[in-house]
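> Dropping the sequence and predicted coords here.
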Amino acid sequence: MPERHRGLFFDTRPGASDRRGVDSTLTGGPRPLYVAEGRIGSFPGVEEKMRVGVISAVASVFVAAVLGASSAPAAYDSAELKCRSSVAKSFTKAVASGQKTISVCHKGRGSGKVGAPIDCNLLDNLNADDKGKFAKASAKLTASVQKSCIDSGIDSDVLTEYTSCPEPCATELALPNPLGTYTQLSSCLACLARDISENFGLDTQGLPAGVPLAGADQACHSAIGKGYGKLLKTILKDRTKCQNSEEKDGAEHLSETACLTSDPKGKIALLLGKAEDGIDTSCAGATLANLDSCTALSVTDLKTCLGTETDSSGDDGVQYSYVMAATICPVAITTRTVAGAPMIGPPFGATRLESGWNGIGHGQDIVHGYATSVAVTCPNSSPPCGDCTIDGIDPAGTQTTAFTRCKQDATIPCSNPFGIDGVCPGTQECSYYLGPPGPLSASNTPTCGLFRLENDITGTLDPDSGEGEQNVVLRAVIHTGIALNKPCPICVDDTTAQDGIQDGVCDGGTRDGLGCDVQGFDATFAPGEGVSLDCTPAALQNITGQGLLLDLSLASGSSSLPFALACDFPLNAFACACAVCTGDASQACNSDAECAATLTGTCTSSGGGTPRQPNACSDLTCTDVGGGVGECDAGPDVMACDGALRANGDSFVLCSDDSECEVGAIGFDAGACTQVLPRACFLDPITSVGAPDPDQTVLVSTFCVPPTSSSGVNAATGLPGPSRTEVELGIERQY
């Protein structure tokens, strides 16, 4: 079935051509939409509260870091909104002007007032636009972009929505791919407005040979231009108005709304009905073969074709007003995760983080609002891109500079990640940290984590499908927290977050009172402020030495971790999921083979952590409550203070009575001991299934976590123990 695309009528079959003889294999054929961002959604099948990772020490923060944790990007500011709406308004006006100019020309040609040699479907001054009306509309479009986008100093955030100028305009104007300036964008839009108008005229009114037309034929031909021209104009006007309103309310992308198919006031349906009535009335006595309109030979077929062509042209006009799909493959990809509680929208999305066999403290928030970018090499230069190889951290990534810091002092920036840099102290090693410090508090045990890559990220990613995997070897350096409600130092009073300017002030840590720039956000422990590598915890609070070694693989497919090891005495008759290698307590494992591969003994040790159990249920039985989530039906439930809540509504302060929620006991007022939380547990095997998608993929992983040197943290979490991650993330592509 042929489909309209980018102002040309394409048949997607190889070698098929549009009505002007353009082979779709030459233009690359129809392209999918590649500009995509993370969006917030619910996790199918899980109605209960999210059971998010216990792990003060590990899982809750490091997963967000691995994937480039972030809330949904902030909505457009007022200046950007004006740029977007001005582009849309002036572009759709140009399309409507082009259509009307063509329609008027056809009416004159059909009546004999315009000479037969004139091609009314060409918008130049020798044909349809002899009075320069479309040229004037095109000039207004260019001026509007200049005033609202260029003169207003709008940055590239808006321009990145318009990646590639579609054909034939890209070739005709010799524009770069990707587009690099708003001037190039305005040139492309002016060309597209002409192209959509000309193709709409060609498809709906053709170019009748026998002119002037007979009276009945002329009436029918004029009814087509008038009725469906009004319909096209209304589609463009009402749907761009819808999108502008959606963006004012926080939507960033056309794909986030239903505006492409909306009819907010019923005007589109009304005008479609009027246009069809006009055909019934005016075309009943016409000889349709004389009109060259839609190649239709019956009134019924004519109405069907005209409706389809008008809707398709309207779709093109509305889409190009806000987004232009990529016709090249990316050179880098930035992943953004809905993790913990985002700055806007509902919490979590599909993100789930769970770790340790204890089950206490599931439901942690994690740091959000920062990005991780990786460079990629794709096997193809244009979509479909295929399985692109991840080449490591992208040096030009959004926050790459912010997170390139010295291994032995994360407050010092350096410039040679995974190498030697003279600005660094001690061994002079420069590292890459996966985000800012991560504050957590589980089972009344606050911790603060720094997360750095042991080596660069590898893996694959198919930008067209969202399928892929990321291989990460991570060092999680965990510190005991400053206080129960302040695990990490925070950066306060920063004027503009993530601008690289240290005009905030560190509250706590090694640089207390010194300048900082907010790099990420935490809805529970830094509400209204932020966290930053400029503000790190004291080295004496480190409970993991060089860091817990985590060999992580996240994939869009499935992941499973069996209970394949004997637990520790006295529960050694039961099966557990994880241990550590007898020759290296920092290496967690699920089988002897993993330890044998590194010559580190067998997978039988607790590594000085808490004696391993299947779970902390009273009867050691974990009940499946749906979505792969387990709970202890037999208890014990967890009592918590009702005034010390994470952003998801669960308390982070455990208690046995009200006195344990008072200032005298914990240093702040945490309310009363009234919240009852079910204890979570892992099912055997621990499984997780990803959901690949080019717009918002879900990657998953199941793995083992080693213990820290703190018996309190190990007991609070259940370490060594298993962890599961399911992370929803949007994919941004750089070209």
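Okay, I see it. Numbering: from 1, shown residues only.
> and the residue nearest to residue 225 when sequence neighbours are not counted, what element?
Distances taken as C-beta to C-beta, 6 or more residues apart in numbering place residue 103 nearest to residue 225, at 3.4 Å, with adjacent residues excluded. Every C-beta, even on glycine, is put in place using the N, C-alpha and C of the backbone. Secondary-structure assignment from DSSP states H and E places residue 103 in helix 78-111.
> Helix or strand next in line after that helix, which one?
Past helix 78-111, the next helix or strand by DSSP H and E is helix 133-145.
> Quick one: distance of that following helix to the chain centre.
34 Å (C-alpha atoms, centre = their mean, to the nearest Å).
> what's in contact with that helix?
Under the contact criterion C-beta atoms under 8 Å, 6 or more residues apart in numbering, helix 133-145 has outside partners 83, 86-87, 89-91, 93-94, 97-98, 100-101, 123, 125, 128-129, 182-183, 185-187, 189-190, 193-194, 197.
> rerun at 6 Å
86, 90, 91, 94, 97, 98, 101, 123, 182, 186, 189, 190 (C-beta atoms under 6 Å, 6 or more residues apart in numbering).
> wait, what's in contact with the second one?
Contacts of residue 90 were listed using C-beta under 6 Å, 6+ apart, and they are 140, 141, 144.
> Neighbour-wise, which one of these leads?
In terms of neighbour count, residue 141 stands highest of these at 25 neighbours, by other C-beta atoms under 10 Å.
> which intervals of the chain have sub-threshold pLDDT?
1-74, 338-351, 361, 363, 365 (pLDDT under 70).
> got the domain boundaries for it?
1-30, 73-322 (automatic domain parsing).
> How is the nearest residue to residue 395 once chain neighbours are set aside assigned, secondary-structure-wise?
Excluding the flanking residues, the one nearest residue 395 by C-beta to C-beta, 6+ apart is residue 375, at 7.6 Å. Counting by DSSP: H, G, I helix; E, B strand; the rest coil, the backbone at residue 375 sits in strand.
> Provide the partner residues of residue 375 in its beta bridges.
Under the criterion DSSP bridges, residue 375 forms beta bridges with residue 332, residue 392.
> thinking again about what came up before, mind checking which of the domains of the chain is nearest residue 487?
Ranking these by proximity to residue 487 (C-beta to C-beta) places domain 73-322 first, at 25.4 Å.
> Residue 246 should be in a helix, yeah?
Yes - assessed by three-state DSSP, residue 246 belongs to a helix.
> Go ahead and confirm it touches residue 256.
No - with contact defined as C-beta atoms under 6 Å, residue 246 does not count as touching residue 256 (7.4 Å).
> Contacts only, for residue 82.
residue 148.
> Distance of it relative to residue 240?
14 Å (C-beta to C-beta, to the nearest Å).
> and what of residue 495?
Separation of residue 495 from residue 240 (C-beta to C-beta): 35 Å.
> a strand runs through residue 183, doesn't it?
No - counting by three-state DSSP, residue 183 is not found in a strand; it is helix.
> circling back: thought residue 229 was touching the residue nearest to residue 225, still the case?
Yes - with contact defined as C-beta under 6 Å, residue 103 counts as touching residue 229 (5.0 Å).
> Name the residue in those two with the higher neighbour count.
A direct count of neighbours by other C-beta under 10 Å for residue 103 and residue 229 places residue 103 higher, at 26 against 22.
> Just give me the neighbour total for residue 155.
10.
> my bad, should have said residue 420
11.
> got the contact list for it?
residue 428.
> picking that back up, so which of the domains of the chain is the most surrounded?
The highest mean neighbour count among the domains of the chain, using mean count of other C-beta atoms under 10 Å, belongs to domain 73-322: a mean of 19.
> That one: how far from the chain's middle?
30 Å.
> Also stretch 698-709?
In terms of C-alpha atoms, centre = their mean, the centre of stretch 698-709 is found 24 Å from the chain centre.
> and residue 115, how far is that from residue 299?
Residue 115 is 29 Å from residue 299, by C-beta to C-beta.
> My guess is residue 225 contacts residue 104. True?
No - if you go by C-beta under 6 Å, residue 225 and residue 104 don't touch, sitting 8.0 Å apart.
> where do the contact lists of these two overlap?
With C-beta under 6 Å, 6+ apart as the test, residue 225 and residue 104 reach no residue in common.
> And residue 122, how far from residue 115?
14 Å.
> try residue 666
90 Å.
> Residue 698 now?
From residue 698 to residue 115 the distance is 62 Å (C-beta to C-beta).
> try residue 635
From residue 635 to residue 115 the distance is 90 Å (C-beta to C-beta).
> what does residue 315 give?
For residue 315, the distance to residue 115 - C-beta to C-beta - is 34 Å.
> go on, residue 723?
77 Å.
> do residue 228 as well
25 Å.
> same deal with residue 233?
27 Å.
> repeat for residue 575
For residue 575, the distance to residue 115 - C-beta to C-beta - is 89 Å.
> What ranges does the stretch 301-450 of the chain have for its helices?
For the stretch 301-450 of the chain, the helices defined by DSSP state H, counting those that start in this stretch occupy 400-403.
> how about the strands in it?
Using DSSP state E, counting those that start in this stretch, the strands of the stretch 301-450 of the chain run over residues 332-337, 352-355, 372-377, 388-393, 404-406, 419-420, 429-432, 438-442, 445-453.
> Give the other helices and strands that the second one contacts.
For strand 352-355, the helices and strands in contact under the criterion 3 or more C-beta pairs under 6 Å, 6 or more residues apart in numbering; DSSP states H and E are helix 59-67, strand 721-734.
> picking that back up, and which of the contacts of helix 133-145 is nearest to residue 708?
So of the contacts of helix 133-145, ranked by how close each gets to residue 708 (C-beta to C-beta), first place is residue 182, at 51.7 Å.
> Can you give me every residue that contacts the closest one?
So residue 182 contacts 145, 149, 150 (C-beta under 6 Å, 6+ apart).
> Return the member of those residues nearest to residue 201.
The nearest member of the contacts of residue 182 to residue 201, counting by C-beta to C-beta, is residue 145 at 24.8 Å.
> I'd like the distance between the closest one and residue 316.
Using C-beta to C-beta, we find residue 145 at a distance of 18 Å from residue 316.
> wait, isn't residue 240 in contact with residue 92?
Yes - Residue 240 is in contact with residue 92 according to C-beta under 6 Å; the separation is 5.4 Å.
> what's the angle between the stretch of helix or strand residue 191 belongs to and helix 78-111?
In this structure, residue 191 sits in helix 182-205 according to DSSP H and E. Calculated by axes from the mean of the first three to the mean of the last three C-alpha atoms, to 10 degrees, helix 182-205 forms an angle of 30 degrees with helix 78-111.
> tell me the angle helix 182-205 makes with helix 133-145.
Helix 182-205 and helix 133-145 are oriented at 150 degrees to each other (the same axes, to 10 degrees).
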